[in-house]
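predicted model and sequence follow; I will ask about them next.
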Amino acid sequence: MSIGIRVQLCAMMFLEFFIWGGWFVTLGTFLGNNVNATGGEIAQAFSTQSWGAIVAPFVIGIIADRYFNAEKILGILHLAGAVLLYLMYGTDNFDLFYPYVLVYMILYMPTLALVNSVSFNQMKNPAKEFSLVRVFGTLGWVVAGLLISYLFSWDSEAGISQGLLKNTFLMTAVASAILGFFSFTLPKTPPKAASDQKPSIKELLGLDSLELFKDRNFLVFFISSILICIPLAFYYQNANPFLVEIGMENPTGKMTLGQISEILFMLLLPYFFTKFGFKKTILVAMLAWVIRYVLFAYGDIGELGFMLIIGIALHGICYDFFFVSGQIYTDSKAGEKYKSSAQGLITLATYGIGMLIGFWIAGKISDTYLLSDGSHIWETIWLYPAWFALGVMVIFALLFKAEKIAYKS
């Protein structure tokens, strides 16, 4: 891979995750404080991510694998997304906001698989090369959080009271437009599946990648991916409101410690693959999620503030060792024909089905432990995902048979 192509892929990843991190982290805080949304409504807004992820495999299966170049689809989706983000910026009523965010996430979630497909298409050895590109996505998320907290102070007490969090949507609308136009300059990623034969309905909908379920290990991984994303939804939905509610200063900026740790562990991922194998890497990620939620349950902004910081910093292990290694594992299992649809399939499992269930549960539990003064019993709320993550870890350890992924040094 040439330096020029590597730079393009890194810029693509930076913008892709700058956009997502630039509004999604503070969404719960924005809706709760500036739109007066209930816990159920906040869960409903976060669940749009899951509906988008459920649609994603069909978009990828129908279009990217068979008819049009992935980079062109990526550009069109982000240009349309820029318009929707701008509409969200001008909306302060939940009934109006929800349709915009729903359509936006239906358009955005397929792009997660598309940027992976564009990247993998340029790589001879994804297990070694992908993490060095994907780390720029993490950097984009970090920069977005730092801008929100430390440059603009949109998540400060004064910023929230003045309704400044809506500016996150304007910032990301601009970034989405930039990525939309930039995508048309990316390396060509043509459809992989054969176009000289009439596809079946199964192939047309991208369901041909379901053939991967014949592999018992992949089926166990797929189910575990769904289950582990239920506790993950608690973090996405509740972490920022939790830190704001207990009085942490610059909460969004401090949450970027999780993404900073992602950079470190992203670079360590090839070593873990070689030294410990895929199964142990996944188990370490699951254990980190258990520890993180226990730290959130018992930490505070006083003497135990270090527990919150460690819990945030564990995000690098939680995310990289599960999601990024899972993307590489899926790519190794899929083969050339199903690269795009297989990535869409794992997006369906994680950001789709798993988090859809998780957001609903997190909303119900948050409302259950909501006090009359508007505060929450956070210790109890955080122990729910801790116990669930522990259960998933045990199931995966017992059912997944250790195997090595092809890795070239």
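Cool, the structure landed.

list the buried residues in whatever helix or strand residue 98 lives in.
Per DSSP states H and E: residue 98 is located in helix 94-121. Within helix 94-121, the residues that count as buried by 16 or more other CB atoms under 10 Å are 94, 97-98, 100-121. In this view, the C-beta of every residue, glycine as well, is placed from N, C-alpha and C.

quick one: average pLDDT of it?
For helix 94-121, the mean per-residue pLDDT is 92.

which elements pack onto it?
Other helices and strands packing on helix 94-121, by 3 or more CB pairs under 8 Å, 6 or more residues apart in numbering; DSSP states H and E, are helix 3-24, helix 39-59, helix 70-89, helix 126-146, helix 325-334, helix 339-347.

now with 6 Å, please.
helix 3-24, helix 39-59, helix 70-89, helix 339-347 (3 or more CB pairs under 6 Å, 6 or more residues apart in numbering; DSSP states H and E).

which one of the ones you listed has the lowest average pLDDT?
Mean pLDDT per stretch puts helix 339-347 lowest among these, at a mean of 70.

mind checking which of the helices and strands packed on helix 94-121 is nearest residue 156?
In terms of CB to CB, the element of the helices and strands packed on helix 94-121 nearest to residue 156 is helix 3-24, at 16.7 Å.

list the buried ones in the closest one?
Buried residues in helix 3-24, counted by 16+ other CB under 10 Å: 6, 8-24.

got the angle for the strand or helix carrying residue 265 vs helix 126-146?
Secondary structure assignment for residue 265, by DSSP H and E: helix 251-298. Orientation of helix 251-298 against helix 126-146 (axes from the mean of the first three to the mean of the last three CA atoms, to 10 degrees) gives an angle of 100 degrees.

next SSE downstream of helix 251-298?
Heading C-terminal from helix 251-298 (DSSP H and E), you reach helix 305-313.

still on that earlier bit, report the mean per-residue pLDDT for the helix holding residue 265.
Averaged across helix 251-298, the pLDDT comes to 89.

correct me, but residue 184 touches residue 75?
Yes. Residue 184 is in contact with residue 75 according to CB atoms under 6 Å; the separation is 4.7 Å.

who has more neighbours out of those two?
Set residue 184 next to residue 75 and count neighbours by other CB atoms under 10 Å: residue 75 wins out with 21 against 13.

any idea how far the more buried one lies from residue 319?
26 Å (CB to CB, to the nearest Å).

please apply the same query to residue 29.
Residue 29 is 21 Å from residue 319, where distance means CB to CB.

so how far is residue 281 from residue 71?
Per CB to CB, residue 71 is found 30 Å from residue 281.

and the angle from the helix holding residue 265 to helix 3-24?
Using the same axes, to 10 degrees: helix 251-298 against helix 3-24 is 70 degrees.

for the spatially most central residue of the chain, which three-state class applies?
Taking CA atoms, centre = their mean as the criterion, residue 351 is the residue nearest the geometric centre of the chain, at 6.7 Å. Following DSSP: H, G, I helix; E, B strand; the rest coil, the label given to residue 351 is helix.

which residues touch the closest residue in space to it that isn't next to it in sequence?
Taking CB to CB, 6 or more residues apart in numbering, and ignoring the residues beside it in sequence, residue 351 has residue 53 as its nearest neighbour in space, at 3.6 Å. Residue 53 sits next to 109, 347, 348, 351, 352 when contact means CB atoms under 6 Å, 6 or more residues apart in numbering.

and for the second one, the neighbour number?
Looking back up the chat, that one is residue 347. Using other CB under 10 Å, residue 347 has 26 other residues around it.

and it, how far from residue 44?
From residue 347 over to residue 44 (counting by CB to CB), the distance is 20 Å.

just to revisit the earlier point, between the contacts of residue 53, which is closest to residue 262?
Ranked by distance to residue 262 (CB to CB), these are led by residue 351 at 16.6 Å.

ok, the closest one to residue 389 distance?
For residue 351, the distance to residue 389 (CB to CB) stands at 17 Å.

counting neighbours, what do you get for residue 387?
12.

how deep is residue 124 tucked in, by neighbour count?
Per other CB under 10 Å, the neighbour tally for residue 124 reads 8.

any idea of the pLDDT on the residue nearest to it when sequence neighbours are not counted?
The shortest distance from residue 124 to any non-neighbouring residue, by CB to CB, 6+ apart, is to residue 1 (7.5 Å). Looking at residue 1, its pLDDT reads 74.

and if you look at residue 302?
Per-residue pLDDT puts residue 302 at 90.

residue contacts, it?
By CB under 6 Å, 6+ apart, no residues touch residue 302.

in which helix or strand would I find residue 191?
Using DSSP H and E, no helix or strand contains residue 191.

how much space between it and residue 69?
7 Å.

between those two, who's got more neighbours?
Shown here are residue 191 and residue 69; by other CB under 10 Å, residue 69 has more neighbours (21 against 15).

give me the number of residues near residue 375?
Residues lying near residue 375 (other CB under 10 Å) number 11.

quick check: phi and psi on it?
phi -90, psi 170 (degrees, to the nearest 10).

and the nearest residue to it once chain neighbours are set aside, backbone torsions?
Spatial nearest neighbour of residue 375, excluding adjacent residues (CB to CB, 6+ apart): residue 245 at 6.2 Å. When read as degrees, to the nearest 10, the backbone of residue 245 gives phi -60, psi -40.

what's the neighbour count on residue 245?
Applying other CB under 10 Å, we find 16 residues neighbouring residue 245.

tell me the pLDDT at the closest residue to residue 81 other than its chain neighbours?
Spatially, and ignoring its direct neighbours in sequence, residue 81 is nearest to residue 176 (4.7 Å; CB to CB, 6+ apart). Residue 176 carries a pLDDT score of 98 in this model.
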